[in-house]
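In: This is a predicted model, with the sequence first.
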Protein chains: 4
Amino acid sequence: MVVFDRRGYHAARVDDIVKVAKTSHGTFYLYFANKEDLFWALLSDVSEEMTALSGSLGPIVPGRKGYEELRSWLDKFVDLYIRYAPVIRAWTEAEADASETGAFGAGVLARFARRLSDRIAEADSGPGLDPDVAAVAMVAMIERLSYYVLTRSVEIDRDQLLDTLTAILHVGVFAGTRARRSAAV
Amino acid sequence: MVVFDRRGYHAARVDDIVKVAKTSHGTFYLYFANKEDLFWALLSDVSEEMTALSGSLGPIVPGRKGYEELRSWLDKFVDLYIRYAPVIRAWTEAEADASETGAFGAGVLARFARRLSDRIAEADSGPGLDPDVAAVAMVAMIERLSYYVLTRSVEIDRDQLLDTLTAILHVGVFAGTRARRSAAV
Amino acid sequence: MVVFDRRGYHAARVDDIVKVAKTSHGTFYLYFANKEDLFWALLSDVSEEMTALSGSLGPIVPGRKGYEELRSWLDKFVDLYIRYAPVIRAWTEAEADASETGAFGAGVLARFARRLSDRIAEADSGPGLDPDVAAVAMVAMIERLSYYVLTRSVEIDRDQLLDTLTAILHVGVFAGTRARRSAAV
Amino acid sequence: MVVFDRRGYHAARVDDIVKVAKTSHGTFYLYFANKEDLFWALLSDVSEEMTALSGSLGPIVPGRKGYEELRSWLDKFVDLYIRYAPVIRAWTEAEADASETGAFGAGVLARFARRLSDRIAEADSGPGLDPDVAAVAMVAMIERLSYYVLTRSVEIDRDQLLDTLTAILHVGVFAGTRARRSAAV
DNA sequence: TATGAATGAGATTTCATTCAT
DNA sequence: AATGAATGAAATCTCATTCAT
């Protein structure tokens, strides 16, 4: 019964969920008040793991060491994303300003972005982009690219995905100043 | 009937659609074979506009002029995104490798990314990231950040959105080489 | 569709209701939000008719004329009771102090009893029973005896039922004084 | 298990029953073949007690002594009713001519009414109402008024209830002749 | 062309009953 | 004897689609 609630699809029929979990309808409703309830249970799991993960992001430093640290952190994010993909995709399908689900997901991502923003602000002394906005943009990219890869919308393998995300993030942090300047000149 | 087909939600019930469109169920089925059919109609509209839009992306050049050109192009994308958000988000709900809809959407984004990739490749002479992958990452970011802003998941206004996207893209193209180097050293 | 909502059984399955009404499940839910909703619709119908009926109870007078008037009024009550039997029985099955349904039914009967009480009080000048309590007792008897007859718990025909109810009521009203006395001596 | 079988509701879920009884589902099915079986067990208890109670109704005599005897007998009935209310009400939910349960309940009430009828016939020498029918009417009133009081549908206390029932019954028995006459004149 | 009441297949949910411990 | 998690048949409810007007 424990493994089972790792698997639900929001879009899926209870019938499917139950089939995958090799249980019965009755058992499903023994553990969850309704389909929505399962979804919230999963949501709170993701939220917890995401919060833990964002807490584990240390200072972003230049050079190979910083690059590798960032890459391994992103690796963990992608892992988590893949594991919870159905749930994350579900909150994504909902309008953030109109549904509880959407609002919840938006909150999780916002906390995630804030942590990244703090790290960017620490590292980047130059008068670059607003770190808050840049962090959100990065989270958007990380989330969406993970999604493209997961759904095979694009033909990118896991290594390419991580290299690209890491490079853009790492350079984004340390090239912020120059970036802004290049744009302004 | 004209306003109406700008509004469909994949998730929405036919009941909702006809209410918004101020028509009847009967009329709906007069114009569309079924709900899916409406979706395809909308999809082909987006596809067309997206293709036109990607065609309009000229060479990316350094300096203020290049920045402004890129910004105004992104502005058009955001417009298009906002207009077709429900449809774009809907093709997303489907697995790209398992549904026609998903595959179609993936195709639209892929063509879009390829154009951007070409422009990046033209501009960027250095041994940076794979332009194809970088372009996809950029499209992911553009698409998803537009979504965040549209759904008010985050508090970013339109100008901030465009400034951020443009800056990251513009510097991404011209700092690619240095970026890669900073990561590798 | 109008006749149809005259027929529902609270205890019945939607399947049965729909079969009796020769409609489909879909149609049922087009007219009623859920099974409960149908029940409330019927309930408000009974309430209305019962209120109208109690309003039509004129002064209770002695002699054959009074007897006949009372009998014909009781006849109408029994009619109404039979027509709405499933609904009335349903509110009966619920605890009056624990369910909305039960409370509603209790209210309808209470209004009914009050009217009867007023008529008893008008007619009965002697120091008999409390007219309010006596009226409630009479309503209890009328309601329950109708029920016994309806469900064939007892072998009483319609005429016997009406004769008995009318006689007990009529004598109850005019023998109140003597009754109390016979009990007290 | 002792308290428990005093409490079953026919409408109640087995879940509720075992919760109230502080047992488990397993134990329930150890003692009863199924939910219906519990009901029959309770039913036979009521039946027994009701039969004993009707047997204890002595001759109905005029005057205070007869009144008090009748009142104390009714007191015992109300006691019994309150103790078994859920069961008594439950046999009521079934159509007497269509279900075993309903038929059984009808039988219990019929025996009860016959005893009362016999006592009425003994006492009442006049050419009043059919004692059988009158007895049934009285049982109906007793049963239903007990119910109203039990569920607090009406604001009547136990003493008022007993006074009213006793008075109506006692006068009914001894005013039968006059009653019929007053109606006929 | 346009309508919207009606439909029914298929989804979700309930609850009496079983059975391994 | 006692337990309560698990079951699944049967109930309730939803919604894309049809069709008489």
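Out: Nice, thanks for sending it over.
In: what about the strands in chain A?
Out: For chain A, strands defined by DSSP state E do not occur.
In: Return the set of buried residues in the longest helix seen in it.
Out: The helix that spans the most residues within chain A, counting by DSSP state H, is helix A:100-123. By 16 or more other Cβ atoms under 10 Å in any protein chain shown, the buried positions in helix A:100-123 come out as A:101-106, A:108-110, A:112-120, A:123. Every C-beta, even on glycine, is put in place using the N, C-alpha and C of the backbone.
In: Kindly provide the whole-number mean pLDDT of that helix.
Out: Mean pLDDT, computed over helix A:100-123, is 86.
In: so, in contact with chain B or not, it?
Out: Yes. Residues of helix A:100-123 contacting chain B under Cβ under 8 Å from any Cβ of the partner chain: A:102, A:105-106, A:109-110, A:113.
In: Mind putting the residues you listed into TSV with distance to residue A:32?
Out: Converted to TSV, the residues of helix A:100-123 next to chain B look like this (distance: Cβ to Cβ, whole Å):
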residue	distance to residue A:32
A:102	21
A:105	19
A:106	24
A:109	25
A:110	27
A:113	30
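In: quick check: domain ranges of chain A?
Out: Domain ranges of chain A: A:1-31, A:40-184, per automatic domain parsing.
In: Tell me which of those domains sits nearest to residue D:129.
Out: Nearest to residue D:129 among these is domain A:1-31; the distance by Cβ to Cβ comes to 56.0 Å.
In: residue contacts, the residue most central in space within chain A?
Out: In chain A, the centroid-proximal residue (Cα atoms, centre = their mean) is residue A:143; its distance is 4.9 Å. Contact analysis of residue A:143 by Cβ atoms under 8 Å, 6 or more residues apart in numbering or on different chains lists A:81, A:88, A:109, B:144.
In: The third one reaches residue B:153, doesn't it?
Out: Yes. With contact taken as Cβ atoms under 8 Å, residue A:109 and residue B:153 are classed as touching, separated by 6.7 Å.
In: count of residues packed around residue A:20?
Out: 13 (other Cβ atoms under 10 Å in any protein chain shown).
In: repeat for residue A:156
Out: 20.
In: And the one 3 residues further on, by the same measure?
Out: By the measure other Cβ under 10 Å, the count of residues near residue A:159 is 10.
In: And the pLDDT at it?
Out: Predicted confidence (pLDDT) for residue A:159: 92.
In: what residues are up against the closest residue to chain C within chain A?
Out: Closest contact between chain A and chain C, by Cβ to the nearest Cβ, is at residue A:34 (15.4 Å). By Cβ under 8 Å, 6+ apart, the contact set of residue A:34 is empty.
In: excluding its backbone neighbours, what's nearest residue A:51?
Out: residue A:111 (6.3 Å; Cβ to Cβ, 6 or more residues apart in numbering or on different chains).
In: residues touching that neighbour, list them.
Out: Neighbours of residue A:111 in contact, by Cβ under 8 Å, 6+ apart: A:50-51, A:54.
In: So in chain A, where's the weakest helix or strand by average pLDDT?
Out: None of the helices or strands of chain A scores lower by mean pLDDT, DSSP states H and E than helix A:176-184, at a mean of 42.
In: what ranges do the helices span in chain A?
Out: A:14-20, A:25-31, A:35-55, A:63-83, A:85-93, A:100-123, A:131-150, A:158-174, A:176-184.
In: Right, I'll leave it there.
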